[in-house]
Every structure is written in structure tokens, then in C-alpha cells.
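# the sequence isn't on hand, but the structure is:
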């Protein structure tokens, strides 16, 4: 459930073609390796959480090419395709023109290390008569953790060429090489990402320069790891230092802040808390392990400043990625004007990056408010055993609610300890969010019946004063007759953006299994 972060350490280096090559694995690759190389490059596009598309291409003087296209996302969206063939004359000429420009010839790796988990990375090696030009460049999309950093404008013509060429090659199925092993286009197996690998890269290339090495941390920002922090990251402990949470409220303050707690029988002490947390955690593990891929119908009724703004309907997709060590869930909102086809032989399918883009588009509001909320199916993740160290908890007492006898728990995430905070995409920014909340847990089976989440503190820089979600869970039995699942039936979201109140009522129905072999076909 954690987001994948990619840290790129930048080093200055010059490589000869001999250092870049690895053993070819097909006759075509052997033939290409004997021809003069024009360029070897890798282009990576990174999108949270943990998605990437990776294109490497080697082009030779006679126009032949070797291209490897990989993509990585959540199951089932990952794979690798390898293509070989000959570029069209105009494509080869266009590439030669880009490489010959003075601005491009000046491109070099910056002296400072860079990192990104969202943006672009390009690594290129261009043999020239005077020397071999080599550079590694990183472009970041800005978030609350760090400022944006654009790639140099002089690299854009090459990126445009890569995208256009890749698109043309994708259409020529005759270029596809089946059964070939990847050679990373004869680039090194990976760019250096740790200090030790940097030292090896410098030593191999004979151009190590200790004076130019930055002392920036060599790992992604993790508030819970030895205090290391991304450059320019938010100091969460300082930001939330004055916050008083639901866990710390007096009994009177809790009841005033959470009207739903009226009728609560207060707990005399916290002696039962460890046992109750264990029960909820064990149930959360059991529910998550049996979670299949699902699709359901979602109806969203929007209200602004107390006036109904409209109703929208979607298909709502929940993908579960099961490994031997963990289960992760991702949720997507698909506009009903797009098509979901069950035919496994459909010729057109969407990558998860396309699906995420479409989901974001479907969730956008024309009214100026936050995007429509999502991610409710696994909001109880705060109580998952491996995540409990990230929050403080309090046993509030017992209460009858929604027809259930429940015990009531409050939680508040601990600043500086959350490995994978929630995220809000707003006005082009990706903003991390910490939560606090209240959970009503059925006494008989330890399932969360109702869950309320709130911001740990207002997000002043984006004028977000409030973001409250009230989630009602219930039993869902699929047509296959298996054991029932525990999923959201209704969610009420209230946000206060600069004094304007936005409300969303989400109603979920017609849950059904979604086959991983289905094809998602999206309209342009």
C-alpha cells in the first residue's frame, strides 16, 4: 500500500561505447552491435503511486534500431515489449538534426544529485568524434514536499522524437520481437542510485570528482527513518506541533466535535485498548487478503453552499494486487461514456496510467472545489497491524449505532511517522495529508461499521479548512457465492475550501467481480 518512490543520484560521467555494451541476445542484436551507434538512451515517465513507463532505444548509423518498452504499475498492468527494425528516413533525419544542434551538444549531467517520484528522467549516450557525450537529467513535477524542476528546453526535441517514434513503432507489429531477452539497449543495467553504485560508476569511467558530490540524503524522504528528509520537504513535526487531536480531546470536546458520538457510554480507562486494536487489526488482515478485483456502480450527488449542484454516475473499479508479502488496493472512477469490455481478445486496452488520467478527469469539478474523493474501500488501513505504529489510538467507549453494538476508537496519525500519507491533487499540486478519525467497530465480529476521517490540521497554504469523510460499511456477497466482503455502501464527504462548503454523497451498489483479463477501452 505504500507509494513507490524513485531516487535518482546524478553523477557526471563519460562512457565509451565499449563500456555500455552487454552481450546481444538475438542475431539482429549481434548485427546491430557491429554498426556505429548514433544514440543510446532511456526515457522514464514516473507517476504516483509507483507507476512508470520506461523506453530505451539504440539507433544505428544505417537506421536500424532496438527498442525496449516497459511499463510498471499495479497488477495486472506491467510488462515488457521489444522491437527491432529500421527507422523511416525522415525519422532518422529528424533525430540527426536534434543531435547536431549546439544546444543539445552542451547538455551534461548536473553536478548535484536529484531525485523524483513524479516526473521525467532521461539518460543518453551519444558517441561523437571528439568524445562521447553522456548525461542524466531529471525533471520533477512539484508537490508539497519539493518544488518543481523542469528539464532543460534543449532536451525537449529529443523527448518529442522519442514519443513520436515509439508511437509509430507500436503500430508496426512486424517490428515486435517475440522471446527476445532485454539488453537495456546496451546501456548499463541501471543508473546509480546509492553512494556505493556512484563510486563504482565514477571508478569505471575514470572521471570521479569528489568535490562535485552533493551531501544530499541518498534515500527517499521517510519521516520515520533516522530523521532523513527530502530537500525542501515539509517539516511535519513542526507543522503539526500545536495540533490537539481527537485522541487528546476531553470527553466534552469529543462529543462537541463529533455529534455522532451522542449516546456514547464512555470507557473507564484504556486497559482494553491493546486487545481491541488486535481484534480490529486481525479482521482487517482477513478482509484484505480475500479482496478480489471489483467493479460497482457509483452515484455521486454534489452540493455547494447548501444547494444541489447535480448528480453524476460512474463505474467504480477496485484493483487488488496480491503478493506473497502484501496486498495493495487501487481505486479508479470511470466515466460511463467510456466502455468496459469483458472480451479478452479486444484489440484496444488502456494502461493504468491512462486509467488514472481518465479517473482524474472524471473526478474533476467544474465548480472550483476539490476533485471528487475516492479510496474509501480501504480507509480502515490505519488499523492494519503494520500501520498501527504510525498513529496514536484511544478507546472512547461503547455505543449502539447503525443497528450494531460497537466499541468506539479514536485515532490520529503521528507527524513524522507516516510512511505513505494520503494525497490530494488540487490545482496541479500533489499535497500530502495526515488524518485523524473515529471508528465504530462491531463488538461481535470486529468489523468497522462506520468510519469518520478528518484532517489532522487545516491545510492553510491551499485554504482547505476541513475535509471530513463519513463512511458506512456493509456486507456484500458476490454472485460466485463466496464469503461476504465488507465494503462501503454510502459515503458523505464535506470540504471547506476558503469558506465555501462542498458536499458529496457517494452511493455504491451492484458490486461484482472484475476479471483481470478484462480489457478497459477508453474513449479519447
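Thanks, I have the structure now. Just so it is clear, the structure is predicted and the values come from calculations on it, not from any experiment.
# the helices in this protein, which residues?
Counting by DSSP state H, the chain has helices at residues 17-20, 27-33, 89-100, 102-105, 156-171, 195-205, 236-239, 251-257, 273-289, 352-363.
# tell me the most buried of the ones you listed?
Most buried of the helices of the chain, by mean neighbour count (mean count of other Cβ atoms under 10 Å): helix 352-363, with a mean of 18. Yep, even glycine has a C-beta here, placed from its N, CA and C like the rest.
# from the middle of its chain, how far away would that helix be?
For helix 352-363, the separation from the chain centroid amounts to 12 Å (computed by Cα atoms, centre = their mean, to the nearest Å).
# which strands and helices lie in contact with it?
Applying 3 or more Cβ pairs under 8 Å, 6 or more residues apart in numbering; DSSP states H and E, we find helix 352-363 packed against strand 37-47, strand 51-60, strand 327-335.
# CSV for those, including distance to residue 512, mean pLDDT and mean neighbour count?
Compiled in CSV, the helices and strands packed on helix 352-363 are given as follows (distance: least, Cβ to Cβ, whole Å; pLDDT from 0 to 100; neighbours: other Cβ atoms under 10 Å):
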stretch, distance to residue 512, mean pLDDT, mean neighbour count
strand 37-47, 28, 89, 21
strand 51-60, 26, 88, 22
strand 327-335, 14, 79, 20
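# can you lay out these as TSV showing distance to residue 498?
Shown next, in TSV, are those (distance: least, Cβ to Cβ, whole Å):
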stretch	distance to residue 498
strand 37-47	28
strand 51-60	32
strand 327-335	25
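# wait, which of those is closest to residue 185?
With respect to residue 185, and counting by Cβ to Cβ, the nearest of the helices and strands packed on helix 352-363 is strand 51-60 at 3.9 Å.
# what angle do helix 89-100 and that closest one make with each other?
Calculated by axes from the mean of the first three to the mean of the last three Cα atoms, to 10 degrees, strand 51-60 forms an angle of 100 degrees with helix 89-100.
# now stretch 245-252: buried residues?
245, 246, 247, 249 (16 or more other Cβ atoms under 10 Å).
# with adjacent residues omitted, what lies nearest to the first one?
If I follow you right, that is residue 245. Take residue 245 and drop its neighbours on the chain: the residue closest to it by Cβ to Cβ, 6 or more residues apart in numbering is residue 412, 3.6 Å away.
# who does the one you found form a beta bridge with?
Under DSSP bridges, the beta-bridge partners of residue 412 are residue 392, residue 436.
# from what I see, it and residue 254 are in contact.
No. Judged on Cβ atoms under 8 Å, residue 412 makes no contact with residue 254 at a distance of 12.0 Å.
# show me the domain layout of this protein.
17-212, 236-521 (automatic domain parsing).
# weakest of those in terms of mean pLDDT?
Mean pLDDT is lowest for domain 17-212 among these, at a mean of 73.
# wouldn't residue 436 be in contact with residue 412 here?
Yes. Assessed by Cβ under 8 Å, residue 436 is found in contact with residue 412 at 3.9 Å.
# any residues in contact with both of these two?
The overlap between the contact sets of residue 436 and residue 412 (Cβ atoms under 8 Å, 6 or more residues apart in numbering) consists of 245, 246, 247, 456.
# need the residues you listed in TSV with distance to residue 151, can you?
Listed next are the shared contacts of residue 436 and residue 412 as TSV, based on distance: Cβ to Cβ, whole Å:
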residue	distance to residue 151
245	41
246	44
247	44
456	35
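# before we move on, the earlier item: between the buried residues of stretch 245-252, which is closest to residue 335?
residue 246 (36.1 Å).
# quick one: that closest one from residue 136, how far?
46 Å (Cβ to Cβ, to the nearest Å).
# doesn't residue 439 make contact with residue 409?
Yes. Residue 409 is within contact range of residue 439, at 4.8 Å (criterion: Cβ under 8 Å).
# any idea how far residue 397 lies from residue 444?
Distance, residue 397 to residue 444, using Cβ to Cβ: 17 Å.
# neighbour-wise, which of those two wins?
residue 397 (16 against 9; other Cβ atoms under 10 Å).
# and the more buried one, what is it in contact with?
Counted by Cβ under 8 Å, 6+ apart, residue 397 has contacts 264, 265, 266, 267, 407, 408.
# list the contacts for the fifth one?
Contacts here follow Cβ under 8 Å, 6+ apart; on that basis residue 407 touches 272, 276, 395, 397, 398, 440, 441, 443.
# how about the nearest residue to the fifth one, chain neighbours excluded?
Meaning residue 398. residue 265 (4.7 Å).
# quick one: the longest strand along the chain to chain centroid distance?
Looking across the chain with DSSP state E, the single longest strand is strand 307-322. Chain-centre distance of strand 307-322: 18 Å, with Cα atoms, centre = their mean.
# buried by neighbour count: which residues of that strand qualify?
Neighbour counts using 16+ other Cβ under 10 Å place 309, 312, 314, 315, 316, 317, 318, 319, 320, 321 of strand 307-322 among the buried residues.
# apart from its chain neighbours, what residue comes closest to the fifth one?
Meaning residue 316. Closest to residue 316 by Cβ to Cβ, 6+ apart is residue 298, at 4.1 Å.
# before we move on, what about the second one?
Nearest in space to residue 312, with sequence neighbours left out and distances taken as Cβ to Cβ, 6+ apart, is residue 300 at 5.0 Å.
# who's the one you found bridged to?
For residue 300, the beta-bridge partners are residue 312, residue 506 (DSSP bridges).
# ok, how many other residues are close to it?
21.
# correct me, but it touches residue 508?
No. If you go by Cβ under 8 Å, residue 300 and residue 508 don't touch, sitting 10.1 Å apart.
# close enough to count as contact, residue 41 and residue 125?
Yes. Using Cβ under 8 Å, residue 41 makes contact with residue 125 at a distance of 7.1 Å.
# list residues touching both of the two?
residue 187.
# distance of the nearest residue to residue 58 once chain neighbours are set aside from residue 96?
Ranked by Cβ to Cβ, 6+ apart and with sequence neighbours excluded, the top spatial neighbour of residue 58 is residue 185, at 4.2 Å. Going from residue 185 to residue 96 by Cβ to Cβ gives 18 Å.
# swap in residue 459?
Residue 459 is 49 Å from residue 96, by Cβ to Cβ.
# just give me the neighbour total for the closest residue to residue 44 other than its chain neighbours.
Setting aside the residues directly before and after it, residue 44 is nearest to residue 121 in space (Cβ to Cβ, 6+ apart), at 4.4 Å. Residue 121 has 23 neighbours, counted by other Cβ under 10 Å.
# contacts only, for residue 121.
So residue 121 contacts 6, 8, 42, 43, 44, 46, 136, 137, 138, 139 (Cβ under 8 Å, 6+ apart).
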